[in-house]
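# Here's a sequence, model it:
(chains A and B)
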Amino acid sequence: MTQTALRLDDITCTFPARGGSAYCAVANASLAVGEGEFVSLVGPTGCGKSTLLNVAAGLLTPSAGSVEVFGAALTGMNDQAGYLFQSDALFPWRTARENVMLGLELRGTPKRRAGQKADAWLERVHLAGHGDKYPHELSGGMRKRVALAQTLILDPKILLMDEPFSALDVQTRSLMENELLELWSQDRKSVVFVTHDLEEAISLSDRVVVLSAGPASHPVGEFPINLSRPRDVSEVRLTPQFLDLHRTIWDALKVEVQKTHAKESA
Amino acid sequence: MTGFRWISLFQVLLLLALFAIWHILTRTEILPPFFFGEPLVVLEVIWEWFSGGRIYKHLAVTLIETILAFVIGTVAGLVVGLWLALSKTASQLLDPYIKAFNSMPRVILAPIFAVWFGLGIWSKVLLGVTLVFFIVFFSVYHGVREVNPVLVANARMLGASKRQLLRYVYVPSATAWVFSSLHAAVGMAFVGAVIGEYLGSAKGVGYLILQAEGVFDINTVFAGVLVLTVCALVLDRIVTIAERHLLRWRPGQMGSQS
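Next comes the predicted model:
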């Protein structure tokens, strides 16, 4: 029995909305992620996937419910977690190397050592020789790699990812997904991966959690993914097991997507 | 690169053409030289100022006032801008006062500053500071409020404390906004210094202009204005160079002007 790395218990998040009413993004959502487990959250757009991730990160305090990180109640920021954002979150005034070493710098690591570690990480994400470039001089895929190195250099036990590859083109995307799996297989962090792309979710994860349509979103289904590892994300998509899983999960997801769609067109 | 050279050439030609037109119009007395001056005499006055050495102490005073006003006003604008942008209570409390001071015609304060701080440089510096401060303050204030929230969240996830957020996120973001305002601020620092001198002083280019006006010596007035304009252009150029160096991380910044 592996330890639980992250436990969200009965989380509800309400935001004040216009006209004095309140918008309830997430209601009574519970989720547990085991140590070394790769879990994906899928759901229709606007279903509060990012809200749950922000709660897990400690960036957002839930209106009700509790968060536990390795058995300890979370107050404030979750310092066991790294966060990969959907949009570009690199600091544009820092070079790639300076971006990667920022976390170490904030912790007071001497600059020389932080720089050496950053170089090693740039090499691991195949960006050796690009350290002195500024983010705007790098391609979208390279920026994502820098962001990945920036997060992983701090060796977080939990990795939170919010549709990190959604802005990339298809080829770069499957390349990045494979690289992510390879990095992950080296030291098996717990991962919570938010996406609206079911194929991406299945090909990466150990478990896929389907969230209901918002508002008041919560998990409505959990599907273990027992595809063998190591996987190649583009090859695994052609296997019959993958197609079976896809059909089963899509049946559950479709209901929620249709609900959202009906609400939007109403 | 060649296009850039051609433009510079035409810019100089345009300047010469304007001087030529001015010269012809006043020489043929279509425009009375008494009111409009004569470019050749203006240049002669400038030449005499520099070769005779009479201008240096006045120019030095004006430049010192300008640079002091510029530096003090910019630093104050940056600090107060950051403070008010990050402290909601302070900004709510001070908001009406900021608006009032900004909409006040502050040049009118010059005589008051002269009474408070005497006829030396400090009354001029202070006038310049009140002009520079608000330009920088408003751009920093709005700049900080538009800092990308994802960057703040990312820095927090990477372990930044509140103080570190200021140093690693807000100040670098604000720098870009400060520079966009510094070009206007240089001009305003000059305005403060010269107006201050104009209203009461014993030194400075503004004082030279005032004296010349007193005896209807239009050529000397134009000479003073010309010298000040060139100085302002040089200071603006220095700001541009600093900007290019400090903001080299910005897309399109590199080589965009060369």
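# any chance you could map the strands in the stretch 1-150 of chain A?
Remark: strands assigned in the stretch 1-150 of chain A by DSSP state E, counting those that start in this stretch are A:4-16, A:22-34, A:38-42, A:64-69, A:72-73, A:81-84.
# Determine which of those strands approaches chain B most closely.
Closest approach to chain B among the strands of the stretch 1-150 of chain A (C-beta to the nearest C-beta): strand A:81-84, 4.3 Å. Bear in mind the C-beta positions are built from the backbone N, C-alpha and C, glycine included.
# Reformat the strands of the stretch 1-150 of chain A into TSV and put distance to chain B next to each item.
Written out in TSV, the entries for these read as follows (distance: least, C-beta to the nearest C-beta, whole Å):
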stretch	distance to chain B
strand A:4-16	15
strand A:22-34	17
strand A:38-42	18
strand A:64-69	14
strand A:72-73	18
strand A:81-84	4
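# want to try JSON lines for these, with mean pLDDT and mean neighbour count as columns?
Conversion of the strands of the stretch 1-150 of chain A to JSON lines gives the following (pLDDT from 0 to 100; neighbours: other C-beta atoms under 10 Å in any protein chain shown):
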{"stretch": "strand A:4-16", "mean pLDDT": "87", "mean neighbour count": "18"}
{"stretch": "strand A:22-34", "mean pLDDT": "85", "mean neighbour count": "18"}
{"stretch": "strand A:38-42", "mean pLDDT": "91", "mean neighbour count": "26"}
{"stretch": "strand A:64-69", "mean pLDDT": "88", "mean neighbour count": "16"}
{"stretch": "strand A:72-73", "mean pLDDT": "86", "mean neighbour count": "10"}
{"stretch": "strand A:81-84", "mean pLDDT": "92", "mean neighbour count": "26"}
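# Mind putting the ones you listed into CSV with distance to B:Glu38?
Compiled in CSV, the strands of the stretch 1-150 of chain A are given as follows (distance: least, C-beta to C-beta, whole Å):
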stretch, distance to B:Glu38
strand A:4-16, 70
strand A:22-34, 73
strand A:38-42, 80
strand A:64-69, 81
strand A:72-73, 84
strand A:81-84, 70
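# how many other residues sit next to A:Gln241?
13 (other C-beta atoms under 10 Å in any protein chain shown).
# Hmm, A:Leu227 and it touching each other?
Yes: under the contact definition of C-beta atoms under 8 Å, A:Gln241 touches A:Leu227, with a separation of 5.9 Å.
# what does the stretch 151-258 of chain B have sitting close to chain A?
Along the stretch 151-258 of chain B, the residues adjacent to chain A under the rule C-beta under 8 Å from any C-beta of the partner chain are B:151, B:153-161, B:164, B:168-169, B:172-173, B:175, B:247-251.
# Narrow those to just the buried residues.
Burial by neighbour count, 16 or more other C-beta atoms under 10 Å in any protein chain shown: within these this picks out B:151, B:153-160, B:164, B:168-169, B:172-173, B:175, B:247, B:249-250.
# Among the residues of the stretch 151-258 of chain B next to chain A, which are located in helices?
When helices are assigned by DSSP state H, the members of those inside them are B:151, B:153-157, B:164, B:172-173, B:175.
# where exactly do the helices run in the stretch 1-150 of chain A?
A:49-57, A:96-106, A:111-124, A:140-152 (DSSP state H, counting those that start in this stretch).
# And the ones you listed: which comes nearest chain B?
The stretch from those with the least distance to chain B (C-beta to the nearest C-beta) is helix A:96-106; that distance is 4.0 Å.
# Tell me the gap between the closest one and the middle of its chain.
In this view, helix A:96-106 has its centroid 21 Å away from the chain centroid, taken as C-alpha atoms, centre = their mean, to the nearest Å.
# Show me what that helix is packed up against.
Using 3 or more C-beta pairs under 8 Å, 6 or more residues apart in numbering or on different chains; DSSP states H and E as the contact criterion, the secondary-structure elements in contact with helix A:96-106 are helix A:111-124, helix A:140-152.
# how does the chain divide into domains?
Went with chain A since none was named. A:4-80+A:157-265, A:87-155 (automatic domain parsing).
# right idea, wrong chain: chain B
Recorded structural domains for chain B (assignment: automatic domain parsing) are B:1-36, B:41-246.
# Could you identify which of the ones you listed is most buried?
Per-stretch averages of neighbours, counted by mean count of other C-beta atoms under 10 Å in any protein chain shown, single out domain B:41-246 among the domains of chain B, with a mean of 18.
# what does chain A have sitting close to chain B?
Among all residues of chain A, those adjacent to chain B (criterion: C-beta under 8 Å from any C-beta) are A:57, A:59, A:77, A:79, A:81-83, A:85, A:87-89, A:91-95, A:102-103, A:106-107, A:134-136, A:150-151, A:154.
# I'd like to know how far the nearest residue to B:Leu158 once chain neighbours are set aside sits from A:Asp79.
Closest residue to B:Leu158 in three dimensions, ignoring its sequence neighbours and counting by C-beta to C-beta, 6 or more residues apart in numbering or on different chains: A:Gly103, at 4.0 Å. Shown here: A:Gly103 relative to A:Asp79, a distance of 11 Å by C-beta to C-beta, to the nearest Å.
# Now do the helices in the stretch 101-250 of chain B.
Per DSSP H, counting those that start in this stretch, the stretch 101-250 of chain B has helices spanning B:110-117, B:121-145, B:149-157, B:162-165, B:171-199, B:205-214, B:218-246. These are given in chain order.
# CSV for those helices, including mean pLDDT and distance to B:Gln11?
Output for the helices of the stretch 101-250 of chain B, formatted as CSV (pLDDT from 0 to 100; distance: least, C-beta to C-beta, whole Å):
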stretch, mean pLDDT, distance to B:Gln11
helix B:110-117, 88, 35
helix B:121-145, 90, 27
helix B:149-157, 93, 40
helix B:162-165, 91, 44
helix B:171-199, 88, 18
helix B:205-214, 90, 25
helix B:218-246, 91, 12
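# So which of those is nearest A:Ser166?
Smallest distance to A:Ser166 across those (C-beta to C-beta): 14.1 Å, for helix B:149-157.
# Packing partners of the host helix or strand of B:Ile72?
In this structure, B:Ile72 sits in helix B:55-86 according to DSSP states H and E. When contacts are defined as 3+ C-beta pairs under 8 Å, 6+ apart, helix B:55-86 sits against helix B:88-103, helix B:121-145, helix B:171-199, helix B:205-214, helix B:218-246.
# who wins for proximity to A:Val257 among the strands of the stretch 1-150 of chain A?
A:Val257 lies closest, by C-beta to C-beta, to one member of the strands of the stretch 1-150 of chain A: strand A:38-42, at 9.9 Å.
# neighbouring strands for the closest one, and are they parallel or not?
strand A:190-195 (parallel), strand A:207-211 (parallel) (DSSP bridges).
# what bits of the stretch 1-150 of chain A have low per-residue confidence?
Within the stretch 1-150 of chain A, the segments meeting pLDDT under 70 span A:1-2.
# need the domains of chain B in TSV with distance to A:Gly141, can you?
TSV is the format used below for the domains of chain B (distance: least, C-beta to C-beta, whole Å):
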stretch	distance to A:Gly141
domain B:1-36	33
domain B:41-246	19
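# right, and those domains - which one's nearest A:Ala128?
Where the domains of chain B are weighed against each other on C-beta to C-beta, the nearest is domain B:41-246, at 22.1 Å.
# ends of the closest one, how far apart?
42 Å (C-alpha to C-alpha, to the nearest Å).
# Measure how far it is from the centre of its chain, please.
The chain centroid and the centroid of domain B:41-246 are separated by 5 Å, computed with C-alpha atoms, centre = their mean.
# Return the residues in contact with the nearest residue to A:Phe242 once chain neighbours are set aside.
Spatial nearest neighbour of A:Phe242, chain neighbours left out: A:Val236 (5.6 Å); criterion: C-beta to C-beta, 6+ apart. The neighbourhood of A:Val236, defined by C-beta atoms under 8 Å, 6 or more residues apart in numbering or on different chains, consists of A:203, A:227, A:242.
# Taking the residues you listed, please make a PyMOL selection of just the buried ones.
In PyMOL, a selection of the buried entries from the contacts of A:Val236 looks like this (16+ other C-beta under 10 Å):
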select buried, chain A and resi 203+242
